[in-house]
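> After the sequence you'll find the predicted model.
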Amino acid sequence: MKTELIDTLQLTGQGLISIIGAGGKTSLMFRLAKELESFGKSVLTTTTTKIFMPLPSQSPFTIIDSSIEEIIKKSASRLKRFLHFSVGQKYDPATGKLQGFAPDSIDQLCQAGLFDWIIVEADGARQKPLKATASHEPVVPEDTTHLILVTGLDAVGKPFNETHVHRAKLFSKNTGLPLGGTMDEQSMATSIAIEIIKAGHLSHSSTNFVILNKADNPEKISSGQKIAELLQTNKIIQRIIIASLIDEFAVKSCLILKK
């Protein structure tokens, strides 16, 4: 397994990663887990919202229990055989969704010290490439050490409506882009700047990254570079990665922001 993402993100030692935004959060979570596992790290994947039940190709098994104390006991046992697995508190067969834990429960899991890394999908976007967060979002654990905001570059050039943007009216209010217009790089950069600041206030994270995903062709890579340039003076973000998470070599380019 290539370790280019964890190298680019400089994920060494231990930590709690919260992934927010839209357009590839789940793919990123399980790709990071596999890279860290291949490096000999113990990894737990979970959510503070809901995700589809992990496939065997994503996670070898999932512990389902509403008690954090029981999760900790079962995890200690499983770690004797596996470096990576997932946890949730409830599974709904009607939707195929796994319900996660409240942020303070994730903090409790982190403080147990069983895992080198805990990776949390801490936002929901209804499988759309972009979103604006409501007042109760994102759902970021306080003990987060690394915050990663994902945005889907496939939204560029698309009609600006609820089909492509979760909470489009709120996105419009935040960015000034009128409903019915065309999604552009400036609006996406404005939204990213707002969302990363908001999420950063919810945790202790001092390391904030942006991943511009779905850079699947030269045109999308160019759009990613334009967004990165618009964000290059941002004092909150450390690195902006243009990537295609479905590719074996995911990282297309990386902008390191000077502070």
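Received the coordinates, thanks.

> which secondary structure element contains the closest residue to Ile197 other than its chain neighbours?
Leaving aside its sequence neighbours, Ile197 sits nearest to Ile236 (Cβ to Cβ, 6 or more residues apart in numbering; 5.7 Å). All C-beta spots, glycine's among them, are computed from the backbone N, C-alpha and C. For Ile236, there is no host helix or strand (DSSP states H and E).

> tally of neighbours for Ile236?
Using other Cβ atoms under 10 Å, Ile236 has 16 other residues around it.

> these two touch, right, it and Gly200?
Yes: applying Cβ atoms under 8 Å as the test, Ile236 and Gly200 come out as touching, 5.8 Å apart.

> Give me the common contacts of those two.
Asn208 (Cβ atoms under 8 Å, 6 or more residues apart in numbering).

> picking up where we left off before, give me every residue that touches the residue nearest to Ile197.
Here Ile236 is in contact with 193, 196-197, 200, 208 (criterion: Cβ under 8 Å, 6+ apart).

> Quick check: phi and psi on it?
Note on Ile236: its backbone torsions stand at phi -90, psi -30 [degrees, to the nearest 10].

> what does His166 give?
Dihedral angles (degrees, to the nearest 10) for His166: phi -70, psi 120.

> got any ranges where the protein has weak pLDDT?
Low-confidence segments of the chain, defined by pLDDT under 70: 1-3, 258-259.

> Run through the strands of it in chain order.
Secondary structure of the chain (DSSP state E): strands at 15-21, 43-47, 50-52, 62-64, 84-88, 90-92, 97-99, 117-121, 130-131, 146-152, 165-166, 207-213, 239-243, 251-256.

> now the ones you listed as CSV including distance to Lys226 and mean neighbour count?
Output for the strands of the chain, formatted as CSV (distance: least, Cβ to Cβ, whole Å; neighbours: other Cβ atoms under 10 Å):
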stretch, distance to Lys226, mean neighbour count
strand 15-21, 18, 26
strand 43-47, 31, 27
strand 50-52, 31, 17
strand 62-64, 39, 17
strand 84-88, 36, 25
strand 90-92, 40, 12
strand 97-99, 35, 19
strand 117-121, 27, 26
strand 130-131, 16, 26
strand 146-152, 13, 26
strand 165-166, 18, 24
strand 207-213, 10, 26
strand 239-243, 10, 24
strand 251-256, 11, 17
